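Chemist: Here is a sequence together with a model predicted from it:
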Amino acid sequence: MNDPIITLTTDFGAADEYVGVLKGVLLTGLGNANIIDITHTIPPQDVFHACRILAGSAPYFPPASVHLAIVDPGVGSRRRILALRSAGQTFVGPDNGIFTPFLNLDSTIVYHVTNERLFRSPVSPTFHGRDIMAPVAARLAGGMDIAETGRPVPRESCVRLSENEPYQSGGRLVGSVLAKDNFGNLRTNLPEQRVKDFGGGGTVTFQIGTLVIDNLNSVYADRQRGELIALTDSQGFIEIAVVGGDAALVTGIGIGDEVIVSRQCR
Amino acid sequence: MNDPIITLTTDFGAADEYVGVLKGVLLTGLGNANIIDITHTIPPQDVFHACRILAGSAPYFPPASVHLAIVDPGVGSRRRILALRSAGQTFVGPDNGIFTPFLNLDSTIVYHVTNERLFRSPVSPTFHGRDIMAPVAARLAGGMDIAETGRPVPRESCVRLSENEPYQSGGRLVGSVLAKDNFGNLRTNLPEQRVKDFGGGGTVTFQIGTLVIDNLNSVYADRQRGELIALTDSQGFIEIAVVGGDAALVTGIGIGDEVIVSRQCR
Amino acid sequence: MNDPIITLTTDFGAADEYVGVLKGVLLTGLGNANIIDITHTIPPQDVFHACRILAGSAPYFPPASVHLAIVDPGVGSRRRILALRSAGQTFVGPDNGIFTPFLNLDSTIVYHVTNERLFRSPVSPTFHGRDIMAPVAARLAGGMDIAETGRPVPRESCVRLSENEPYQSGGRLVGSVLAKDNFGNLRTNLPEQRVKDFGGGGTVTFQIGTLVIDNLNSVYADRQRGELIALTDSQGFIEIAVVGGDAALVTGIGIGDEVIVSRQCR
C-alpha cells in the first residue's frame, strides 16, 4: 500500500524549527508518510496568498491526498479549526478563509474539529498546527473517518475571503493584479475566457496606469525580448509579463493595481 | 516495512548542489529513504542556531529516525565526527556542540566515527557531509549497529555549547533573547515555569531596554493588534511578540538583548 | 518495490504554486513517488546555473533515478523537449543546454519528446513543465520505455552550452570564477589536476585582480581565520575561500572574474 500523501502550505519560513516539528508529528502519527512541501514561504499571516497557492496546487494532487494549510494569525483566539472533504481530498486548517474556493463548492463537506482525544496534550495556545491540526491530519491520512474529527457545520458558517472579481464599467472590463510570481510576472483576476467574450472576437488592449498593451499574446516567444505583453497564464487567467525579464521590476506595477481592458477601435 | 526516516539540518542553502549531493548519497546507500528537510538555511557556520533548531525538532520524530546535522566550520581540521544514540534516535554530525542538549542526557551514548570502510573514497577534505556523515547515516538508518561506526567515547569528551541560562540578581530575573523567528517573534531563554515561580503568583513585568511589558499573556488574541506582549511559546519559553506584527522590526530588539523580569509592586 | 525517485531542479522559487503543481502531477501520474527537491531557487531563467547544479548532483543518485530539470525561458517557442538516458539515469527537460555535460557523453541516448498521448490536455503554452515534462517523467519513472516518448535524435543536434575552459597563455594558466556558493566560496573552472600538472610539482600562485594567493591549500583549517586561500572543492576544482568567512563579500570577486595561475619563481 502506498504511504499516505500529506501536503504542507505554511508561513513558517525555512529557518525555524516549526517545519521540522510539524513533519515529526505527522511521521510519529503515521509511522511513515509522503510529506510534500508545497511551500513554507507564504508571507507571514497572509491568508489570501496561502489561499491562492493552495487553490492553485491541490487539484493536481491524487484524490486521497491530505492538505494541511497553516497560516493562522488567529491561533489561540476563538477561531475554529476545520476539516474539509472536497473532490475526494481532505483539508485541515483554520477557519479564516484559507479554504475559500473549496468552501464555494456545493459538494464540499465541513467539520468543526473538536474531538480533543485526537489532539496532543497539553495544547499550546500558540501552535495549534503542532498540537491539533497535524495530529488530526495524520489520523485522516491514516484512514480515520472525517466524522470522527468533530461535528459537521454548514459551509455557509465558514469564513470566506471576498472574491476580487473583475467588473464591467463604462464599456470597459476592470480587473486587478493579484500577485507577482518568482519571475516577476503579474497575475491578474481576469479569466482569459471573460476577456475574449468581452472582446467579441476583436482586439483588446490592456491598460495599467500609464502603460498600454495592445493585444493578448499566446506565448512569451511571440515577441521581442524586453517587450511588455499580456498572455494567458497556466491557470487560465491574464498575466502581464516582460519577455525574458521581470515585469514587476521593469514596470513598477504591483499587487492591487487595476488592469483595464478595452475593445480596440476598428 | 517502512522506508527509514532521515532528517537533514544544514547550512548548505538552497542554491548550490550540496543538498542534492547529500540526498543522492543517502538514497544510493539505502535504495530508498524518506528524506525529511528540517532546514538548509541555518546561517552559514552558525552551530548555535543549528543546535536550537535540531533540539526543537528532533523530539517530535519517531524513535527510529536518523538525524543528520551538518554545520561544520571545522571540516578538514582534527574535529571529530560523532554518532549518537539518544532516546531511541540516532544523530550523525561534527563534534562542535551541535548536539549539546542530547549530550547532556545521561542515557545518550556516543561514538567517534572512525570506521573508514563506511566512508566514500577518496574523502574530500572539504565535504565530510558527503563522504563520511551521509554514508554513515545511511548505514545506521539501514539498521547497522552504531558500534560499527568506530569507538565509544565519553559524553564528557564532546564539545558542548555553554548554556545561556537566566540568573537572578538584585531581586530580578535576567534572561536574554536567543532568536527571532519568521514572524519576528523574539524567543528567550526564560522558561515559563521559572518566571511563574519567580513571580510567586503575582504579576510580573518584562523590561527590554526602555520597553516594558506589564504582564504575561496566554495567547496572541488577548490583546489589540499592534500591542507588544510577552507570552509562552510552543517550547515553553517566554516570547516577546507584537499582536499581528513583527516584534523584531517594530522594537529593534535583537538577539542577545537582556530581558529583565521584575515582580510588580502590589 | 521501492517508490521511484524523481528529482526536481527548477527556477520556480518557493512562493508560487508551481512547485506544488509539479509534485501533484507527478504523484497523480505514479500513485506515489519519492520526490526529491534538488533546488527550486535557480536564478530565474539561468540555464547555465541549473546545468552546473544538475551536473554536480545527478551522479550521486541511484541509477534508476529520473531527473526533471525545468529552467525553460523558451517555453512556448519551438525549442524541443528532450528525454535522455545517461549512465542508467533518465533526464527530462528543455533542449536549451541544461543537459550539456550528459550530452557530451558518447553513451547518452536522446529522444525528442513528441508523443502527445503522454501529455496533459490541453497543453498550456506557458507551463510545459506541468503539461508535458512532468507527465512524461512520471511515465518514465513508472517504467515506460524511453522510446515511447518520441523519436531518437543525435546528441549533436541538441543545444550545448559552450564550455568555459581554462587556457594557457604566456606561461600562465587562466581560469575564471563560475559561481559563488552559500558560504561565499568562489568556485572556478580550474581542475585541481590541471593546476598541479601545470605547476609541475612546484608551488603555484593564484591572482584575481590585485589579490594574490601564494599556494594551494588542502583544507580550510590550514590557515588562520580570515585568511584568503585557494583549495580544492568537493568536485575537484579550485575554489577561492576565506577561512571562516565569506570570500565573495570580503574580496568583491564575482562570477566571470579571471583567476590567473603562475608558477612561483624558485
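Modeler: Right, received. Where do you want to start?
Chemist: In the stretch 101-250 of chain A, which residue sits closest to chain B?
Modeler: A:Phe127 (3.5 Å; CB to the nearest CB). Using the backbone N, CA and C atoms, a C-beta is placed for each residue, glycine as well.
Chemist: Neighbours of that residue, how many?
Modeler: As a burial measure, A:Phe127 scores 22 neighbours (other CB atoms under 10 Å in any protein chain shown).
Chemist: Then A:Asn32?
Modeler: 16.
Chemist: which SSE is the nearest residue in space to it that is not next to it in sequence in?
Modeler: In space, and not counting its chain neighbours, A:Asn32 is closest to B:Asn2: 4.1 Å by CB to CB, 6 or more residues apart in numbering or on different chains. Counting by DSSP states H and E, there is no helix or strand that carries B:Asn2.
Chemist: So which residues on the stretch 1-150 of chain A come close to chain C?
Modeler: A:2-3, A:5, A:7, A:9, A:14, A:34, A:36-43, A:49, A:52-54, A:56-62, A:65 (CB under 8 Å from any CB of the partner chain).
Chemist: how about a cut-off of 10 Å?
Modeler: A:1-5, A:7-9, A:13-14, A:34, A:36-43, A:49, A:52-65, A:67 (CB under 10 Å from any CB of the partner chain).
Chemist: Relative to A:Leu22, how far out is the residue nearest to A:Asn32?
Modeler: 19 Å (CB to CB, to the nearest Å).
Chemist: Compare those two (neighbour count), which wins?
Modeler: In this view B:Asn2 and A:Leu22 are compared by other CB under 10 Å, and A:Leu22 has more residues nearby, 26 against 13.
Chemist: per-residue confidence at the more buried one?
Modeler: Looking at A:Leu22, its pLDDT is 98.
Chemist: burial of the one residue in the stretch 51-200 of chain A that gets nearest to chain B, as a residue count?
Modeler: Residue nearest to chain B within the stretch 51-200 of chain A (CB to the nearest CB): A:Gly76, separated by 2.9 Å. Around A:Gly76 there are 19 other residues, counting by other CB under 10 Å.
Chemist: Ok, A:Glu156 next?
Modeler: 8.
Chemist: SS state for it?
Modeler: Under DSSP: H, G, I helix; E, B strand; the rest coil, the three-state class of A:Glu156 is helix.
Chemist: how about the helices of chain A, start to end?
Modeler: Along chain A, counting by DSSP state H, helices occupy A:18-30, A:47-57, A:100-103, A:128, A:134-141, A:192-199, A:247-251.
Chemist: So which helix or strand of chain A has the lowest pLDDT on average?
Modeler: The element with the least model confidence among the helices and strands of chain A, by mean pLDDT, DSSP states H and E, is strand A:216-217, at a mean of 84.
Chemist: May I have the strands that pair with that one, each with its orientation?
Modeler: strand A:228-232 (parallel) (DSSP bridges).
Chemist: Domain ranges for chain A, per the record?
Modeler: A:5-157, A:167-263 (automatic domain parsing).
Chemist: for the shortest one, the distance to its chain's centre please.
Modeler: Think domain A:167-263. Here the centre of domain A:167-263 is set off from its chain's centre by 20 Å, with CA atoms, centre = their mean, to the nearest Å.
Chemist: Give me the distance between the two termini of it.
Modeler: 15 Å (CA to CA, to the nearest Å).
Chemist: these two touch, right, A:Ala137 and A:Thr90?
Modeler: Yes - A:Ala137 is within contact range of A:Thr90, at 7.7 Å (criterion: CB atoms under 10 Å).
Chemist: So between those two, which is more surrounded?
Modeler: Remark: of A:Ala137 and A:Thr90, A:Ala137 carries more neighbours, 34 against 23, as counted by other CB under 10 Å.
Chemist: Strands along the stretch 151-266 of chain A, start to end?
Modeler: A:167-169, A:172-180, A:186-191, A:204-208, A:211-213, A:216-217, A:228-232, A:237-242, A:258-263 (DSSP state E, counting those that start in this stretch).
Chemist: As a markdown table, these with mean neighbour count would be great.
Modeler: Converted to a markdown table, the strands of the stretch 151-266 of chain A look like this (neighbours: other CB atoms under 10 Å in any protein chain shown):
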| stretch | mean neighbour count |
| --- | --- |
| strand A:167-169 | 9 |
| strand A:172-180 | 20 |
| strand A:186-191 | 22 |
| strand A:204-208 | 21 |
| strand A:211-213 | 16 |
| strand A:216-217 | 18 |
| strand A:228-232 | 22 |
| strand A:237-242 | 24 |
| strand A:258-263 | 19 |
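Chemist: Please tell me how far the nearest residue to A:Pro101 once chain neighbours are set aside sits from B:Phe91.
Modeler: Among residues not flanking A:Pro101 along the chain, A:Ala55 sits closest, at 4.4 Å (CB to CB, 6+ apart). Going from A:Ala55 to B:Phe91 by CB to CB gives 39 Å.
Chemist: Likewise for A:Tyr60?
Modeler: A:Tyr60 is 36 Å from B:Phe91, by CB to CB.
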